[in-house]
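A.B. asks: I would like the atomic coordinates for the input below:
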Amino acid sequence: MSLEDNITLLRYAVSDGDYNKANFLMDLLRADDMLESVGFTTQDAAGNGLLQIAALSGHTKVLESLLNRDIDINSVDCNHGTALQAAIYMGYDNIIRSLLSRGKLVMTPFFASSNTSRLNVNMKGGYYGCALQVAAYRANSDLVLCLLNEYKADVDISGGNFGSPLQAAVRTGILAVVEPILSKSTTRINAKGGIYGSALQAVARGPYTNRQRLREISRGHVLRQNAQNSSGQFIDLYNNASATDYLEVAETLFRAGAQMDGGSGRHDNPINAAACSGSEGMLLLMLQNFDRRLSEWKEDKCAVLTKAMLTAITKSPEDPLALVHILHKNGARIDYLTSNSLTNLPLEAAATGNLLSVVEYLLEAENGHADPCAESGIHGTALRAAIASRHEAVANCLITHQAARFGIQKRSTVGVNEEYLFGISDPIARSNVEKRAERICRDTEYGNILQLATFRGLRSTVALLLDYGADPNVRDTSDRTALHIASWFGYPRTVSLLLDNGADIKAKDEWSATALDQVEESLNRDGSPGPTRAALQIIRQTLLNYMGSLGPEKSHLITCIPKTTIPESEMQSRKAKPVFTMPSWIPGVRFHATIVDIWECDDQEYLLTIQHKVDEILHHKAVLDTVMSCEGKPRESKDKVRWIHLQIM
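C.D. replies: Have a look, this model is predicted:
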């Protein structure tokens, strides 16, 4: 067999734990003076070296055989670094003991021993940087003590996923793992680095919700992780500490001289990390120590707390109302100008997350309550965010609050058509109706709220908007009305509601289609997802019945604002923008999107329904060319791309 075949067979034998076959192949390679080279370079498909493969699979005899044939015990692969790190990560106590038995002689940090059979516990490399860091990450307190006391492991080694062993230790929330490392050196307690930036930020993040795991593969098989302590008890990899445990570790760090820092790490600063954890105790502790800051962190406190408020709303694992209250009481601003780092307003974020209690608090809070009309984020306003996310209770709360704020009364529940007729005949009364709708719906400036609510199937929200004076016949840039949308998407009750409130059954979009045409076309869709045929049949019959009930004496009730009485220039100004306009930063942003209309490209038409088609839509040249100029800046355009709604970032 060729050298390449022997190497491949050796890798398989090590992975399978076939002691005899592995020895036979190693003897063949040694006879050709190739074993040392093979041991250094051979890796499996996942990038694990020979020793690491044996350690990951728990094959103690094969591992010892490799070591006895002078395969370098300190060899480093791209995943775990050394075999010791791999064994610690997987929790194979027998392999850990076997490897440690070869390292009683203390090595100089960072350098491999000239004797390849002598273990260097301070060898750097791999995802977790060194053996002490991975032992701390696995919350193996017995092994941490062993490495520190018997093998003089260096607590100040930097690098790896957590930046240092201390950061990995505090991230577990277990004081028994933290204290031995902290007692050996306090000089690096404020050291920066790793995914959390600092030890304080790592502990402030609180308990793991989904603890990160490396994908352990050997020869294509996912390996089971069996971390155990010296007593043979399995170490809980996921929920190994409570919020109280993390709080105790944080207090220990402060007593040891930890200082607050910002501008680095996954959560930027400890207060933001505490807001993400959802722990009131952790947040209060960080706020109490806010003034113990490193000199280089000069960020304004109000800005820090406002950012933390937005983090609590968007990332807290539980209802963040208590956190929002704490942050607001300590100086966070509910009403602030948007910035590059704060793309959403708290109110919009709460509406998107269906946090009704938080929305109510932000609207009624003293010393700076939220403005429901303020624009920010991908949705534009909190109301549009709630409707787009189908959070009906939140949307209705925002509408009611906004109406109360502007002193807008609901229309009478009787004589609906008569009021619309009165509005048409009396210019002043008609103007009052339009102003009521503008204050709440913001149709002509900020998007077609009524049509968006119709599209998302929120009937009670549609009813509430109509009660406060929303125009049922407002058109978008494709000349479509809410009745077109309700008919196409199959909402029978909404169709009836719109008709009862003066919707124009004869209104035509730019393709000359009426609502009846829309439901007929929807009925002819074959195989595509959409409304049930039963719902569409009900809508079709409702429209036909309504048209048949209109005699000549009632024809003037078909539209609430006849086109013949309004100048063309005013009609153009009444047209609402599409449900949402794509922002300039589309490329690379992670969100789902929905296009609910037809868009054209290269003389072909694509009918995109409410299914997510992110790859097809967002990065298509036709879409980007429509909403962005060649310089990458947004431009005014009303053709080609219509009715775009960005749902979830």
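A.B. asks: in which helix or strand does Leu247 reside?
C.D. replies: Under the criterion of DSSP states H and E, Leu247 resides in helix 243-255.
A.B. asks: what are the buried residues along that helix?
C.D. replies: Along helix 243-255, these residues count as buried under the neighbour rule (16 or more other CB atoms under 10 Å): Ala243, Asp245, Tyr246, Leu247, Glu248, Val249, Ala250, Thr252, Leu253, Phe254. (Glycine included, C-beta is placed from N, CA and C.)
A.B. asks: correct me, but the first one touches Glu280?
C.D. replies: Read that as Ala243. No. Contact between Ala243 and Glu280 fails when scored by CB atoms under 8 Å: they sit 9.1 Å apart.
A.B. asks: for Ser141, see how far away the nearest residue to Thr494 once chain neighbours are set aside is.
C.D. replies: Leaving aside its sequence neighbours, Thr494 sits nearest to Ala486 (CB to CB, 6 or more residues apart in numbering; 4.3 Å). Relative to Ser141, Ala486 is positioned 63 Å away (criterion: CB to CB, to the nearest Å).
A.B. asks: neighbour-wise, which of these two wins?
C.D. replies: Ala486 (29 against 22; other CB atoms under 10 Å).
A.B. asks: ok, that one - contacts?
C.D. replies: Thr454, Thr494, Val495, Leu498, Ala515, Ile539 (CB atoms under 8 Å, 6 or more residues apart in numbering).
A.B. asks: can you do 6 Å?
C.D. replies: Taking CB atoms under 6 Å, 6 or more residues apart in numbering as the contact definition, Ala486 lies against Thr454, Thr494, Val495.
A.B. asks: ranking the residues you listed by neighbours, who comes first?
C.D. replies: Across the contacts of Ala486, the neighbour count under other CB under 10 Å reaches its highest value at Thr454, namely 30 neighbours.
A.B. asks: only C-alpha atoms, please: export the helix or strand where it lies in CSV.
C.D. replies: Using DSSP H and E, Thr454 maps to helix 449-455. Extracted as CSV, the C-alpha positions of helix 449-455 are listed here (Å, rounded to 0.1, in the frame of the first residue of the first chain):
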residue,chain,number,x,y,z
ILE,A,449,-51.2,51.7,8.6
LEU,A,450,-54.7,50.7,7.7
GLN,A,451,-53.5,48.5,4.8
LEU,A,452,-50.7,47.0,6.9
ALA,A,453,-53.2,46.0,9.6
THR,A,454,-55.5,44.5,6.9
PHE,A,455,-52.6,42.6,5.4
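A.B. asks: helices and strands around that helix, which ones?
C.D. replies: On a contact count with 3 or more CB pairs under 6 Å, 6 or more residues apart in numbering; DSSP states H and E, helix 449-455 meets helix 459-467, helix 482-489.
A.B. asks: then the longest one to CSV, C-alphas only?
C.D. replies: Presented in CSV, the C-alpha positions along helix 459-467 are these (Å, rounded to 0.1, in the frame of the first residue of the first chain):
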residue,chain,number,x,y,z
ARG,A,459,-59.5,42.8,12.3
SER,A,460,-59.9,44.5,15.7
THR,A,461,-57.1,46.9,14.8
VAL,A,462,-58.7,47.7,11.4
ALA,A,463,-61.9,48.4,13.2
LEU,A,464,-60.2,50.6,15.8
LEU,A,465,-58.4,52.6,13.0
LEU,A,466,-61.7,53.1,11.2
ASP,A,467,-63.4,54.2,14.4
